[in-house]
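Trainee: what shape does this take:
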Amino acid sequence: MTTVNAVCESRNSDKPRLLEMLKTKRIRDLACGSSHSAAISSSGELYTWGLGEYGRLGHSDNTTQLRPKLVKALLGHRVVQVACGSRDAQTLALTDEGLVFSWGDGDFGKLGRGGSEGCNIPQNVERLNGQGICQIECGAQFSLALSKSGIVWTWGKGDYFRLGHGTDLHVRKPQVVEGLRGKRIVHVAVGALHCLAVMENGQVSLCNHLMSLIIGDRLVVIKCIHNLGS
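Mentor: Predicted structure coming up:
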């Protein structure tokens, strides 16, 4: 079976293989989507590779890349974190200045700039400027950001209540999850259709789906609610 993947060739590999293009770089972070991958060097350079459709790689075209390629549009910025869409074609990058950039498929407003237009080069998500963003995540057709002050922002496709706003409406620019305001969130995680947030006291809030949580040696089943903070 031949397919485009993130291993540097258009064929599958059942064993770990060295990425020759990155072996001289000190890599500080990695992210994988369904059909593309990304890596950040210690100097803050971003490299992407994989399926190029919808411009998800950020190289100003839709060309598939079989090897890691530098995202030149972000030169001059020090990238510290990257996220790739799950079952989707968007990418987010966070710089050391707290700036968030997005690119790729724009359906349902998941790029966070209003509307549903996509782009093939990184563009700034202006609504998050000055908010002290410290973490970014991509789910399926939606995105999430966490600020240093513990505020959670979500945007994109809203069905299955994945955004945590208490409705299933789509949101085309970052919007604060009001149910978590004041709860001092310190970490977030996303699945394809749900989000989780860890509070400073160690409690976990969730939205969407019935989920299981292991506490000590006990398996506790938790029914997730539509609004993360309810």
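Trainee: look up phi and psi at Val100.
Mentor: Backbone torsions of Val100, given as degrees, to the nearest 10, read phi -110, psi 130.
Trainee: same question for Glu178.
Mentor: phi -60, psi -30.
Trainee: roughly how far apart are Thr167 and Thr154?
Mentor: Thr167 sits 12 Å away from Thr154, going by CB to CB, to the nearest Å. All C-beta atoms are positioned from the backbone trio N, CA, C, and that covers glycine.
Trainee: which one of these two has more residues nearby?
Mentor: Of the pair Thr167 and Thr154, Thr154 is the one with more neighbours under other CB atoms under 10 Å, namely 28 against 13.
Trainee: quick check: the more buried one is in a strand.
Mentor: Yes - under DSSP: H, G, I helix; E, B strand; the rest coil, Thr154 sits within a strand.
Trainee: burial measure for His59, as a count.
Mentor: 20.
Trainee: these two touch, right, it and Lys69?
Mentor: Yes - His59 is within contact range of Lys69, at 6.1 Å (criterion: CB atoms under 8 Å).
Trainee: find residues that contact each of these two.
Mentor: Contact criterion CB atoms under 8 Å, 6 or more residues apart in numbering; residues shared by His59 and Lys69: Thr48.
Trainee: low-confidence ranges in the chain?
Mentor: By pLDDT under 70, the weakly predicted segments of the chain are 1-10, 206-230.
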